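S.K.: need a 3D model of the sequence below.
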Amino acid sequence: MALRKQPTILLTGVNGQVGFELARSLQGLGRVVAADRNMLDLSDLDAVRRIVMDVKPQLIVNPAAHTAVDNAESEPDAAMRLNAHAPAVLAEAAKQLGAGLVHYSTDYVFDGTKDGAYVETDATNPQNVYGASKLAGEQAIEASGCAHLILRTSWVYGTRGKNFLLTMLRLGGQRDELSVVADQIGSPTWSNTIAALTANVLAQLTAASDGAEWWKRHSGVYHLTANGATSWHGFAEAIFEASDLPRKPAVKAIPASAYPTPAKRPGNSQLSNDKLAQVFGLRAPEWREALRLCMAAR
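M.R.: Numbers count the residues shown, from 1 in each chain. As a prediction, this is how the structure comes out:
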């Protein structure tokens, strides 16, 4: 399945945090067909199949997802449709077209009880509907037999959409003190980092002399997060340290039990990036450095 020098790349979810960054980072790697929800509504599975067949991409990049973790508990069908059924359709279409599929997943496929960073071969055990739906999407892609990269990331933030960074900056401008969970650990990952590393991986694909052989060697699951780890409390403190707020709030550390949510979160969301480094020679920046760059880009 050799890619042409200028392949057609179908990109979903271009208005999301990661999709917005990918729309820029993928330029130069091919003809990017950037699909927002008006063009490609992933909840309409028949339309998804039809549009993919019309576009006939050599590569599908799918950051679109149902990411409202707590809402997923009360709307499991919607979460499964976007996070499992739609990726299954994309994978089936990719297999039929001989295309490759890049799909994004999450640390929430794990239960968070491991001591240390999770590797790709660790047993999955999602603890909420969102995690279960994302795992089902992974499994559907793998079962399809299409050429694929599944990139698991965590704690994604950026300068647009809804995320922890923007929430903290908004609340920090309104309150003198904030209470933030301190016993959940993970790697805050800038959406720009995800897009940049994805583009680097795909540049290696386009440079390969035999695309089909490249996919045979590289298809699979990879972890892709910022390096290092912190708690939500530590992340909040770092955000305010890097911010230009005229008056910065005090950040009080609390246990997750003091901030109950509909969806259970993993206590440990650390993902090892060693496989990404070994296979592609890529390492993400340390999370504090990426945060500094993100804040400077606002």
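
S.K.: could I get the full set of helices for the stretch 51-200 of the chain?
M.R.: In order along the chain, the stretch 51-200 of the chain carries the following helices (DSSP state H, counting those that start in this stretch): 69-74, 76-80, 86-97, 129-144, 164-172, 191-207.

S.K.: of those helices, give the one that comes closest to residue 261.
M.R.: Closest approach to residue 261 among the helices of the stretch 51-200 of the chain (CB to CB): helix 69-74, 5.5 Å. C-betas here are computed from N, CA, C, even on glycine.

S.K.: name the residues of the closest one that come out as buried.
M.R.: Neighbour-count burial for helix 69-74, counted by 16 or more other CB atoms under 10 Å, picks out 69, 71, 72, 73.

S.K.: quick one on the thing from earlier: closest one to residue 62 among the helices of the stretch 51-200 of the chain?
M.R.: Residue 62 lies closest to helix 86-97 among the helices of the stretch 51-200 of the chain, at 5.7 Å (CB to CB).

S.K.: what is the closest one packed up against?
M.R.: When contacts are defined as 3 or more CB pairs under 8 Å, 6 or more residues apart in numbering; DSSP states H and E, helix 86-97 packs onto helix 45-55, strand 59-62, strand 100-106, helix 129-144, strand 147-153.

S.K.: endpoints of stretch 37-48, how far apart?
M.R.: Start-to-end span of stretch 37-48 (CA to CA, to the nearest Å) is 11 Å.

S.K.: what about it, distance to the chain center?
M.R.: 20 Å (CA atoms, centre = their mean, to the nearest Å).

S.K.: flag every buried residue along that stretch.
M.R.: Buried positions in stretch 37-48, judged by neighbour count with 16+ other CB under 10 Å: 40, 41, 42, 48.

S.K.: so the second one makes contact with residue 47?
M.R.: Yes. Counting by CB atoms under 8 Å, residue 41 sits close enough to residue 47 to count as a contact (6.1 Å).
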